[in-house]
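1. Here is the input, now give the coordinates:
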Amino acid sequence: MADLKVNIGALSLKNPVMTASGTFGYGEEFADFIDLSRLGGIIVKGTTLHHREGNPYPRMAETPAGMLNAVGLQNKGVDYFIEHIYPRIQEIDTHFLVNVSGASVEDYVATAEKIAALDRIPAVELNISCPNVKEGGMAFGTSCQSAAAVVRAVRAAYPKTLIVKLSPNVTDITEIARAVEAEGADAVSLINTLLGMAIDAQRRRPVLSTVTGGLSGACVKPIALRMVWQTYHAVKIPIVGLGGIMNATDAIEFLLAGASAIEVGTANFIDPQISEKIVDGIDEYLEKNHISSVKELIGGLIL
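-> Numbering: from 1, shown residues only. Prediction:
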């Protein structure tokens, strides 16, 4: 078996395969399908300072080669996670990361501070695609100034590994990546969902209650790959790649583009065992090509 270990800053993963927030619950939901301890990491669903009901139904829609979602960060808040979820998952032999979301800088900081106190949570993934309510609803991650501001504030309060999840709904994702790197991000993850919509022609109405939603699945992979490759050449910190990864070959492509690790998202809804299959597939690829360590693939695209 090849060496599958990778590093995201100070965080050491047994392999580069993690699960994307919002597609894997708290991990427990998939325990009947796979051995959770075989994964490099599990990023739990988006967690906010306070309870959120999310958006009205309908808030999910299937599209050609993908899906739209407008769930709206439904969760019971960080205190519920600490009191009820964390005690159940802390002994599982893999890294659990918490995806932190907020409507203000203060929300992000307060949530991250609470998570920092949990011994078995070594990192957070900061979701800066959330609307900044104090700035009229513009997502934090769509401007260098607002992205830098939230990362700067969280970095001052959070001592562990800080991964910042970038929005693709920008003109130049490398500018945002450089901005958060300068403010102390240990890594970036990309991409989050693309803004899309679906229309019911018979009813002449939007399919989603929110009209627009986040597009994910195989259809976004070429865009995600391009952005990972561009960002790899723009920053020095590690990149976690995601967006349309449906199998091991997809995952390997992201590593070659410059990702140090990957996240499996929408594919979990199609095959609940896919993340474990991807771990095996990467190992088989390395063995077949006589590559001793998965680290040799990172940024190994030949031009």
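
2. Could you pull up the contacting residues of R88?
-> Neighbouring residues of R88 by Cβ atoms under 8 Å, 6 or more residues apart in numbering: 26, 28. Every C-beta, even on glycine, is put in place using the N, C-alpha and C of the backbone.

3. That one and Q74, how far apart?
-> Distance, R88 to Q74, by Cβ to Cβ, to the nearest Å: 19 Å.

4. got it, and A251?
-> Taking Cβ to Cβ, one finds A251 at 28 Å from Q74.

5. tell me which residues in stretch 279-290 are buried?
-> 279, 281-283, 285-286 (16 or more other Cβ atoms under 10 Å).

6. Which residues does it contact?
-> 1-2, 4, 15-17, 38-40, 247-249, 251-252, 291-294, 297.

7. that older thread, who's more crowded, A251 and Q74?
-> Per other Cβ atoms under 10 Å, whichever of A251 and Q74 has more neighbours is A251, with 27 against 15.

8. in the stretch 101-250 of the chain, which segments are predicted with low confidence?
-> By pLDDT under 70, the low-scoring segments of the stretch 101-250 of the chain are 131-138.

9. Type out the ChimeraX command that picks the buried ones from the contacts of stretch 279-290.
-> Buried subset of the contacts of stretch 279-290, written as a ChimeraX selection, criterion 16+ other Cβ under 10 Å:
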select :2,4,15,16,17,39,40,248,251,252,294,297
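
10. Which of the contacts of stretch 279-290 fall within strands?
-> V17 (DSSP state E).

11. Please work out how many residues are found near T174.
-> Neighbour tally, T174, other Cβ under 10 Å: 16.

12. That should have said T48, apologies.
-> 24.

13. Ok, A157 next?
-> 13.

14. for it, what are its contacts?
-> Applying Cβ under 8 Å, 6+ apart, the residues contacting A157 are 109, 112-113, 116.

15. What distance do you get for it to A112?
-> 6 Å.

16. Repeat that for V154.
-> 5 Å.

17. Need the residues touching each of these two.
-> Common neighbours of V154 and A112 (Cβ under 8 Å, 6+ apart) are 100, 124, 126.

18. Now, those residues that are in strands?
-> Those of these lying in strands (DSSP E): 100, 124, 126.
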